[in-house]
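**Student:** coordinates only, sequence not included:
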């Protein structure tokens, strides 16, 4: 169960993320309306159609591995997680950014084993950038206008810069997060949407991502997997390992996250 993720599996996850991203951009050009879910978060047909593409592919390629997917969970579908491995899927992370016409939204697919994110792909179709990570290797892939891979390069997290470059949520910034950021004597802060915050750490473009606000596991797992493959880490606020699976945030929804801090190489809290 702890064997490295093979290249073939990662290639399949990448292909599904690219296909979902292609459909999202088609819908962006066609036009769409945003609805509100029960928690008042927006949802569009791009979210729903991208999820169908991903789930169809995952169930065909990996029929024995359960899937926790945002829109299925919202619709009341609760998978049975009897084993130690499952997928976490957010078909369109950063729907608020997507609706607002910004480019920092992503497709997220992650594989969890024994609570750890061991493989993940994050595709930002409006930026033609895909981030991929597993088994200690993280890569950035540029794509063409047909959302096919063009060039691939290895990325890695960096030692902390001075001043620290801290990334924070664009749409969900909290006062608690701001107080944490302001504890640092020298820092620059950049606001970015979606799981791209993890990818900036993974590619050595930022140092710290504190999140003292509510997130769900499908929001973070893919970017977290890329970051860990690039040499970074994510922990809870008290330094414990950040894990995935039902009930990691007691008193909250089944797949809610506790607050966390993601770091590049050897960053200080």
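**Tutor:** Now that the structure is in, tell me what you want to look at. Here the structure is a predicted model, which means the values were calculated and not measured.

**Student:** roughly how far apart are the nearest residue to residue 92 once chain neighbours are set aside and residue 94?
**Tutor:** In space, and not counting its chain neighbours, residue 92 is closest to residue 47: 4.4 Å by C-beta to C-beta, 6 or more residues apart in numbering. Just so you know, the C-beta spots here come from the backbone N, C-alpha and C atoms, and that holds for glycine as well. Using C-beta to C-beta, to the nearest Å, residue 47 is found at 11 Å from residue 94.

**Student:** go on, residue 124?
**Tutor:** 9 Å.

**Student:** higher neighbour count, these two?
**Tutor:** The residue with more neighbours, out of residue 124 and residue 94, is residue 94; 27 against 24, by other C-beta atoms under 10 Å.

**Student:** rewinding a little: so what sits against both of residue 124 and residue 94?
**Tutor:** Residues touching both residue 124 and residue 94 (C-beta atoms under 8 Å, 6 or more residues apart in numbering): 104-106, 194, 196.

**Student:** in strands, which of the residues you listed appear?
**Tutor:** residue 106 (DSSP state E).

**Student:** where along this protein do the strands fall?
**Tutor:** For the chain, the strands defined by DSSP E cover 35-36, 42-43, 67-69, 85-93, 106-113, 116-124, 129-134, 137-143, 149-155, 164-169, 187-192, 208-211, 233-236, 260-263.

**Student:** these: which one's closest to residue 218?
**Tutor:** Set against residue 218 and scored by C-beta to C-beta, these come closest in strand 85-93, at 4.0 Å.

**Student:** what mean pLDDT does the closest one get?
**Tutor:** Averaged across strand 85-93, pLDDT comes to 98.

**Student:** for residue 207, what are its contacts?
**Tutor:** Applying C-beta under 8 Å, 6+ apart, we find residue 207 in contact with 158, 160-161, 164-166, 201, 263-264, 267.

**Student:** neighbour-wise, which one of those residues leads?
**Tutor:** residue 201 leads the contacts of residue 207 on contacts (other C-beta under 10 Å) with 31 neighbours.

**Student:** residue ranges with poor pLDDT in the stretch 151-269 of the chain?
**Tutor:** 170-172, 267-269 (pLDDT under 70).

**Student:** can we see that at 80?
**Tutor:** 169-173, 185-186, 266-269 (pLDDT under 80).

**Student:** partner residues bridging the residue nearest to residue 214 when sequence neighbours are not counted?
**Tutor:** Leaving out its chain neighbours, the residue that sits closest to residue 214 by C-beta to C-beta, 6+ apart is residue 256, at 6.6 Å. Counting by DSSP bridges, residue 256 is bridged to residue 216.

**Student:** correct me, but residue 256 touches residue 249?
**Tutor:** Yes: at 4.2 Å, residue 256 counts as touching residue 249 under the criterion of C-beta atoms under 8 Å.

**Student:** before we move on, the earlier item: what sits against the residue nearest to residue 214?
**Tutor:** Neighbours of residue 256 in contact, by C-beta under 8 Å, 6+ apart: 214-217, 248-249.

**Student:** who wins for most neighbours among the residues you listed?
**Tutor:** residue 217 (26 neighbours).

**Student:** next one: residue 256 relative to residue 16, how far apart?
**Tutor:** 25 Å.

**Student:** and the helix ranked longest in the chain, what does it pack against?
**Tutor:** What stands out as the longest helix in the chain, according to DSSP state H, is helix 7-30. In terms of contacts (3 or more C-beta pairs under 8 Å, 6 or more residues apart in numbering; DSSP states H and E), helix 7-30 is packed against helix 45-61, strand 106-113, strand 116-124, strand 129-134.

**Student:** which one, of those, ends up nearest to residue 100?
**Tutor:** Of these, nearest to residue 100 by C-beta to C-beta is helix 45-61, at 13.3 Å.
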